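Q: Sharing a model prediction with you, sequence too.
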Amino acid sequence: MKASKDLASALERLRKLASESGLDIGDELGSVEAKVKASSKTESTWRRVELARHPDRPYSLDYISRIFDDFTEFHGDRYHGDDQAIVGGIGFLAGRPVTIIANQKGRNLKENMRRNHGMASPEGYRKALRLAKQAEKFHRPIVTFVDTSGAYPGIEAEERGIGEAIARNLREFSQLKTPIICVIIGEGGSGGALGICVGDKIYMLENAVYSVISPEGCASILLRDATKAKDAAVMLRITSADLLEFKVVNGVIAEPGEGAHADPDKAAAIIKETLVRELDDLCTRNPSVLVRYRNQKILKVGHWNEGEAE
Amino acid sequence: MSDDPTLPAKPACPACATAYSAQELAAALRTCPSCGHHYRMEPSDRIAYIADPGSFKEFSANLRSLNPIDLVGYEEKLSEAEAKARMKEAVITGSCTIEGRPAILGVMSFNFMGGSMGSVVGEKVARALLKGARERVPVIIYATSGGARMQEGIFSLMQMAKTSAAAAELDKAGVPFFVVLCDPTTGGVTASFAMLGDVTIAEPKALIGFAGPRVIEGTIRQTLPEGFQRAEFQLEHGFVDIIVPRSEQKAMLARLIDLHKGSAPSKDEEKE
């Protein structure tokens, strides 16, 4: 980032010098400038990918303990087991009971084995749905924190229907008669993220990313070169600014200083402020109307050319 | 086998190596007359088989993809796919009758960019489902896909939510939704509408899963067992209702429509 800023200001000085001395190097400068701009775009995008994956970045439970009072975690999908890559429970948000469902990464090797690096299995999605239905029953709003590189691509996950589990969540979350706010706090990795990211309001932290495929995966398939992940990240348009421009997210939540890891307390306070404000509004709405608006938005998404009238 | 070079080449069946001409395969609905291996089948052939002659009326035939994330080369890729698959997109949807019964039929093509789901596939599938819900006509979708179309970035991911929300409308309307899973059905299509049917049919030996076998092998660093993620595996694990050979599919779909008759509640009951 700093290097490209230095380059840009050096170019600016050069342009000034050239024009003062009557030297016509505008075209050359333009092409160099374009290159500097592209490289700075690549650098700034990749910087965000690195921040989203930063080992010190606050994970869901770091935020949950700072934002909610009396968070009480519940376990299990009632079919097979308890997937600790997704945590869930109830807590008070500024005095209001709220169901919380969140991807959870591990902080060290031991915890990562337990939490499978935040890559959820079918049980995680089924636990999420169970808790969401419970929230609906008690007219409790739902907050989800999304932070996963993706659903777990493993044998057991396939045997127990990871595709079916995600599909069912997508269908059911679209219909839940209770307010849902989703916040992408780090990595929003494909279907594994989407499985708990259908709601009335979708927010993204400033340095979070949200993508249909990882930059590495895209680079190896589309660019046929796994080392071109940085280029793929830019192509895929995965930053919070991109997603806001696409209107896929409702808002971007600013992070303090160098990023959320620099000041987790402050980051949590900013998220809390947004959640309280949105829920104060959403909770006054008729749940059937919420579902209608939610679906109108979901069913509208995409870009196509209608062609000739039918 | 004849060595006469003037005869057209007869491709050998990948399963039993017996060679049949294209005409012989077409007559057998693109299954091997010797061993029953199911070859992939294009939407035009499936529609010709499933829909009663002359009954198919296509919906949204002119919907075309845009380039929502301005990806370099996507337009060219679409043109190539169009020429190769001779289709405008990876799914064809429409209304038809099946042995006289009205139905809405959607058929995907693996030949068009690996059957990937972008905005147009999502929109056409969603429209078909919503129309079924509105007009109370059963919806049948033949799924085959490599997953979300990454060339459309986040918009392809959002089609999963969109098609699943559309499937919910069928639930609410009490209108049946039947899915036929074909080889291969993976990724974002498996994790959305393809797994949301009231009845899930699979073609014999079809590969059906969320993560592709190579991705899983890359993660666990071992070779996958024989038959992993095939239709028979999914039947055994409880994610498929019935495996139906192609020659029996039309009769089965007609029967399923009959079996679901009278299941929709009347409007009055809904109000109460």
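A: Received the coordinates, thanks.

Q: make it CA atoms for all contacts and neighbour counts henceforth
A: Will do.

Q: Wait, B:Pro43 touches B:Met108, no?
A: Yes: the pair formed by B:Pro43 and B:Met108 meets the contact definition of C-alpha atoms under 8 Å, at 6.3 Å.

Q: okay, and the common contacts of these two?
A: B:91-92 (C-alpha atoms under 8 Å, 6 or more residues apart in numbering or on different chains).

Q: quick one, which of those two is more surrounded?
A: B:Met108 (28 against 22; other C-alpha atoms under 10 Å in any protein chain shown).

Q: what's the more buried one sitting at in phi/psi?
A: Reported as degrees, to the nearest 10, the phi and psi values for B:Met108 are phi -90, psi 160.

Q: ok, what's across the strand from it?
A: B:Val91 (DSSP bridges).

Q: domain parsing for chain B?
A: Taking automatic domain parsing as the domain assignment, the ranges for chain B are B:1-39, B:40-260.

Q: Stretch B:200-207 and chain A, any residue contact?
A: No: applying C-alpha under 8 Å from any C-alpha of the partner chain, one finds stretch B:200-207 separated from chain A by no less than 11.3 Å.

Q: Figure out the length between the terminal residues of that stretch.
A: 14 Å (C-alpha to C-alpha, to the nearest Å).

Q: averaged over its residues, what pLDDT does that stretch have?
A: Stretch B:200-207 carries an average pLDDT of 98.

Q: Can you list the residue ranges for strands in the stretch 151-272 of chain B?
A: In the stretch 151-272 of chain B, the strands defined using DSSP state E, counting those that start in this stretch lie at B:177-185, B:199-202, B:242-243.

Q: hmm, the lengthiest helix in chain A touching chain B?
A: Ranked by number of residues, the top helix in chain A under DSSP state H is helix A:26-52. No: Helix A:26-52 is not in contact with chain B by C-alpha under 8 Å from any C-alpha; minimum separation 14.4 Å.

Q: rewinding a little: can you add mean neighbour count and distance to B:Lys162 and give the strands of the stretch 151-272 of chain B back as a markdown table?
A: Output for these, formatted as a markdown table (neighbours: other C-alpha atoms under 10 Å in any protein chain shown; distance: least, C-alpha to C-alpha, whole Å):
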| stretch | mean neighbour count | distance to B:Lys162 |
| --- | --- | --- |
| strand B:177-185 | 25 | 16 |
| strand B:199-202 | 23 | 20 |
| strand B:242-243 | 18 | 27 |
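
Q: Domain ranges for chain A, per the record?
A: According to automatic domain parsing, the domains of chain A span A:2-51, A:55-300.

Q: worst average pLDDT in the ones you listed?
A: Minimum mean pLDDT among the domains of chain A: domain A:2-51, a mean of 81.

Q: Quick check on the closest residue to chain B within the stretch 1-150 of chain A: phi, psi?
A: Here the stretch 1-150 of chain A gets closest to chain B at one residue, A:Gly150, 10.4 Å apart by C-alpha to the nearest C-alpha. Main-chain dihedrals, A:Gly150, degrees, to the nearest 10: phi 150, psi 170.

Q: Please apply the same query to A:Glu156.
A: Dihedral angles (degrees, to the nearest 10) for A:Glu156: phi -60, psi -40.

Q: so how far is chain B from it?
A: 10 Å (C-alpha to the nearest C-alpha, to the nearest Å).

Q: Next, count neighbours for that residue.
A: Other residues within reach of A:Glu156, judged by other C-alpha under 10 Å, total 12.

Q: quick revisit: contacts made by the helix or strand just after the longest helix of chain A with the rest, please.
A: Per DSSP states H and E, helix A:26-52 leads on to helix A:60-67 as the next helix or strand towards the C-terminus. Residues outside helix A:60-67 that contact it (C-alpha under 8 Å, 6+ apart): A:71, A:93, A:102-105, A:145-147, A:185, A:264-265, A:268-269, A:271-272.

Q: do the same with stretch B:120-139
A: Contacts of stretch B:120-139 (C-alpha under 8 Å, 6+ apart): A:299, A:302-304, B:59-60, B:63-65, B:89-94, B:102-106, B:156, B:159-160, B:162-163, B:166-167, B:169-170, B:173-178, B:257.
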